[in-house]
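# Sequence plus predicted model, see below.
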Amino acid sequence: MNAKFFIAAALIAAAASPGLAQESIEDKALVCAACHGENGVPVMPEVPIIWGQHAGYLYIQLKDFKSQSRASKIMNPIAATLEKTDMLALAQYFEGKPWPATGYSAGAADIDKGETIATAGMCTACHLGTFFGDSSIPRLAGQTQVYLERILFAFKTRERNNNVDKSNLMQTFADEDLKAMSRYLAGL
């Protein structure tokens, strides 16, 4: 068994514990830190940064994990234990944290290609010109590169199916374009 399995099992057990309902939002957020990091930098690169992410987006994702319209072996059982008030409070808690710096920088070719893809895909119409997003639209700028690549491909293959329009858009791009886009966005 790998470390991810043990982390996931510990998170699920902690989230399902009877005392969880009595815990503060700060205590509940500690469960999140096991993967998303105690300082906002995820423990594993395929996990997204949630510190500083928009509360509206975080709430929607927690709600989608709870309803299983967004599939995740780790997040579905954790979200299943949360009430709406907890999801809203956690979303606001993490929005109030500072966005962490990952130190990642994209190369010049990825910057040029990423800007071209962003324009062709009209990405800035939702994620804004800075890719900081707003409200229920996620910040992509400075997100981890491995997560961005994984999620772009998850939309393309419809593995992630909680945004049909995003899946349709991602299917119009070649795999190499999506990889370049992930490097570009991570470097912003």
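That came through fine.
# Run through this protein and note the low-pLDDT ranges.
1-21 (pLDDT under 70).
# where along this structure do the strands fall?
Applying DSSP state E to the chain gives no strands.
# Identify the residue nearest the residue most central in space within it in space, chain neighbours excluded?
The centroid of the chain falls nearest to Pro48 when counting by CA atoms, centre = their mean (4.0 Å). Distances taken as CB to CB, 6 or more residues apart in numbering put Tyr147 closest to Pro48, at 4.8 Å, once the chain neighbours are dropped. Yep, even glycine has a C-beta here, placed from its N, CA and C like the rest.
# which ones are touching that neighbour?
42, 45-49 (CB atoms under 8 Å, 6 or more residues apart in numbering).
# Starting from Gly96, give me the distance back to Leu90.
Leu90 sits 11 Å away from Gly96, going by CB to CB, to the nearest Å.
# Compare the two (neighbour count), which wins?
A count of neighbours by other CB atoms under 10 Å puts Leu90 above the other of Leu90 and Gly96, at 22 against 10.
# which ones are touching the more buried one?
The contact partners of Leu90, by CB under 8 Å, 6+ apart, come to 25, 28-29, 32, 58, 62, 82.
# Ile50 now?
Residues near Ile50 by CB under 8 Å, 6+ apart: 32, 36, 40, 58, 94.
# what's the nearest residue to His127 once chain neighbours are set aside sitting at in phi/psi?
Counting by CB to CB, 6+ apart, His127 lies nearest to Gly133, which is 5.1 Å off, once chain neighbours are set aside. Phi and psi for Gly133, reported as degrees, to the nearest 10, are phi 60, psi -170.
# how much space between Gly133 and Glu23?
Counting by CB to CB - Gly133 and Glu23 are separated by 29 Å.
# do the same with Val41
In terms of CB to CB, Val41 sits 24 Å off from Glu23.
# Give me the more crowded residue out of Gly133 and Glu23.
Neighbour count, other CB under 10 Å: between Gly133 and Glu23, Gly133 has more, with 18 against 15.
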